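Enquirer: Task: produce atomic coordinates for the following.
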Amino acid sequence: MEIYDRQIRVFGKEGQQALQKLTVGVVGAGGIGSMVLVLIVWLGAKRIIIIDPDVVELTNLNRLAGATLQDALKKTPKVRVLARYAAKISPKIKVVPIQKSILDKKAQRYLKVCDVIFGCTDNQSSRWVLNKFSVEHLKPYFDTGTGIEADSLQNIKHAGGQVRVVIPGMGCLNCISGIDVAAAQQEMLPEPDRQIALQLGYIAGADVPAPAVAPLNGVIASLAVTEFMAWATGFKPLRRFIFYDFVDATVTPYKFKRDPTCFTCSVTSSLAVGDKGAALPAEMLIDEPEPQNPTKGEIKMQTQSKDIKQSIAELLSKAKQNGLAIEGNAEGMWFVIKNLKLGKPFSRPKTKLMVKFLADSNDPIMLVPENLNVRPDPQVCPNLVGTTPCFEGWKPLCPHMFQDVADDLLAFIGCLAGFLSNPPFCGLMGCEARALTQTQQQ
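Expert: Residues are numbered from 1 along each chain as shown. Predicted coordinates:
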């Protein structure tokens, strides 16, 4: 333990032993990721799994730890460069290099053995995948990122970065709108559709190299690993959101709470579902207790719920009068549409669809039968129908297209039916998807 003597003086033998038992995943072997890996090697983690599909290029040499000119000329995989560099620092630490994209399901399997994950990439799709993986598999996730805005004369206007820590059950990046969902889905489009979107200008700044400097990457990597040490050893309270202003040289911590209606980490979504999904009891979704001794905020919540209940009651009444196949429970704030006609992308021409409102939101949770699937089609979002059930017999439908619909449920149903009949490109693109479709039609 002599090599770690100075660290033991900071957080004790127990803290050092805790660090040496950990398997750490690092996704992204660029400027931030390479520095994160080196810092974790110095701390003495047992094993590190590094995931990145790219090779070293000349433009990487200003910030990629361990990379040489020969690596750039030979196009050496970044992950192999870092594994080689780590071995020189501490041969006892095992580094597993995986030259794959995190969007690859095989790459994601390697993260299942990790105790904690660092996200060190520069795109939204990887954040989407890692945030969801963290919530589903209960893996703490340290998200990192930097940004530099320079004018035409290469003068820095704004620069900085952030570290955001996802502790499953305590909130995720989607709770704070920390992921550009439209950009993430655009990045995950099949290549033919992505090229169309690029030509039409729907992916702004795509494939344009972003400004980057090693000192900024180093600050963010150090902040992230410091919070990792706090999480692993308890030497200080964990800060779950830190913003760094590169120009003003300020570090600002923030707090954030879990959004109870979050479509990723709420109890009716992906929290702890793992690979196959954990069936939640139906009563968790249907019977929600009324708040006790309400404060002003809770009174507003009750009033909002009353409006939704009234709207559902009116809907059920009109459905009965007109012979529509809709049934439900206004008090439970849910209803089921039967025999809803679907478009060609779906495996069945008709289905049931459940719409459920939580007590503190106008945004519905939408559920379809578990055996409903989306056919392979490059013009349909792969996440249109959830891969894991919310509760027995049902799984979620992508929720991003529909918000604040309780004021007019009949109009909402018409919109929903139209969307299911012809989902354009991707269910998560919202208005951009509609505009893209209209442009193509013109």
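Enquirer: Let me see the domain layout of the protein.
Expert: For the chain, automatic domain parsing gives the domain ranges 2-254, 282-441.
Enquirer: ok, and what's touching stretch 213-220?
Expert: 31-32, 35, 62-63, 144-146, 148, 159-163, 244, 246 (C-beta atoms under 8 Å, 6 or more residues apart in numbering). To be clear about C-beta, it is placed using only N, CA and C from the backbone, and glycine gets the same treatment.
Enquirer: any idea which of these is least confident?
Expert: Within the set of the contacts of stretch 213-220, pLDDT is lowest for I148 (87).
Enquirer: Determine the three-state secondary structure at that one.
Expert: Three-state call for I148 (DSSP: H, G, I helix; E, B strand; the rest coil): strand.
Enquirer: mind listing what it touches?
Expert: Neighbour list for I148: I156, H158, A159, A210, P211, A212, V213, L216, F246 [criterion: C-beta under 8 Å, 6+ apart].
Enquirer: just checking, the first one touches V247?
Expert: This means I156. Yes - I156 lies in contact with V247 (C-beta atoms under 8 Å); the separation is 6.4 Å.
Enquirer: what helix or strand does the spatially closest residue to L58 that is not a sequence neighbour sit in?
Expert: Ranked by C-beta to C-beta, 6 or more residues apart in numbering and with sequence neighbours excluded, the top spatial neighbour of L58 is A72, at 4.8 Å. Per DSSP states H and E, A72 falls inside helix 69-74.
Enquirer: Please name every helix or strand in contact with that helix.
Expert: Using 3 or more C-beta pairs under 8 Å, 6 or more residues apart in numbering; DSSP states H and E as the contact test, no helix or strand touches helix 69-74.
Enquirer: can you list contacts of it?
Expert: Here helix 69-74 makes contact (C-beta under 8 Å, 6+ apart) with V56, E57, L58, N60, L61, T76, V81.
Enquirer: go with 10 Å
Expert: Here helix 69-74 makes contact (C-beta atoms under 10 Å, 6 or more residues apart in numbering) with 55-61, 64, 68, 76-78, 80-81, 84.
Enquirer: what's the first-to-last distance across stretch 115-122?
Expert: End-to-end distance of stretch 115-122 (C-alpha to C-alpha, to the nearest Å): 23 Å.
Enquirer: what mean pLDDT does it have?
Expert: In this model, stretch 115-122 has an average pLDDT of 95.
Enquirer: What residues sit buried inside it?
Expert: Buried residues in stretch 115-122, counting neighbours by 16 or more other C-beta atoms under 10 Å, are found at D115, V116, I117, F118, G119, C120, T121, D122.
Enquirer: quick check, nearest of these to Q321?
Expert: Nearest to Q321 among these: G119, at 52.6 Å, using C-beta to C-beta.
Enquirer: quick one: D52 and S34 touch, right?
Expert: Yes - if you go by C-beta atoms under 10 Å, D52 and S34 touch, sitting 9.5 Å apart.
Enquirer: Neighbour count for these two, which is higher?
Expert: Each of D52 and S34 has its neighbours counted (other C-beta atoms under 10 Å); S34 has more, 29 against 26.
Enquirer: For that one, give me its contacts.
Expert: Residues near S34 by C-beta under 10 Å, 6+ apart: 26, 28, 50, 52, 60, 63-67, 78-79, 81-82, 85, 120, 214, 217, 221.
Enquirer: Mind listing what's buried along stretch 156-166?
Expert: Within stretch 156-166, the residues that count as buried by 16+ other C-beta under 10 Å are A159, G160, G161, Q162, V163, R164, V165, V166.
Enquirer: Distance from the chain centre to it, please.
Expert: 17 Å (C-alpha atoms, centre = their mean, to the nearest Å).
Enquirer: go on, stretch 251-259?
Expert: For stretch 251-259, the distance to the chain centre is 17 Å (C-alpha atoms, centre = their mean).
Enquirer: where along the stretch 51-200 of the chain do the helices fall?
Expert: Along the stretch 51-200 of the chain, counting by DSSP state H, counting those that start in this stretch, helices occupy 69-74, 78-89, 105-110, 124-137, 181-187, 191-199.
Enquirer: could those helices go into TSV alongside mean neighbour count?
Expert: Converted to TSV, the helices of the stretch 51-200 of the chain look like this (neighbours: other C-beta atoms under 10 Å):
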stretch	mean neighbour count
helix 69-74	14
helix 78-89	20
helix 105-110	15
helix 124-137	23
helix 181-187	21
helix 191-199	14
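Enquirer: To A230, which of the ones you listed lies closest?
Expert: Closest among the helices of the stretch 51-200 of the chain, once you apply C-beta to C-beta, is helix 124-137, at 17.6 Å.
Enquirer: Show me what the closest one is packed up against.
Expert: Identification of packing neighbours for helix 124-137 by 3 or more C-beta pairs under 10 Å, 6 or more residues apart in numbering; DSSP states H and E yields strand 23-27, helix 105-110, strand 116-119, strand 141-150, strand 156-166, helix 181-187.
Enquirer: so which of these gets nearest E327?
Expert: In terms of C-beta to C-beta, the element of those nearest to E327 is helix 181-187, at 32.2 Å.
Enquirer: re earlier: mean confidence for the helix holding A72?
Expert: So the average pLDDT for helix 69-74 ends up being 95.
Enquirer: Distance from the chain centre to that helix, please.
Expert: Computed by C-alpha atoms, centre = their mean, the chain-centroid distance of helix 69-74 equals 34 Å.
Enquirer: Also stretch 151-159?
Expert: Centre-to-centre, stretch 151-159 and its host chain are 30 Å apart (C-alpha atoms, centre = their mean).
Enquirer: Now do the end-to-end distance for it.
Expert: End-to-end distance of stretch 151-159: 12 Å, with C-alpha to C-alpha as the criterion.
Enquirer: got it, and stretch 60-69?
Expert: End-to-end distance for stretch 60-69: 10 Å, by C-alpha to C-alpha.
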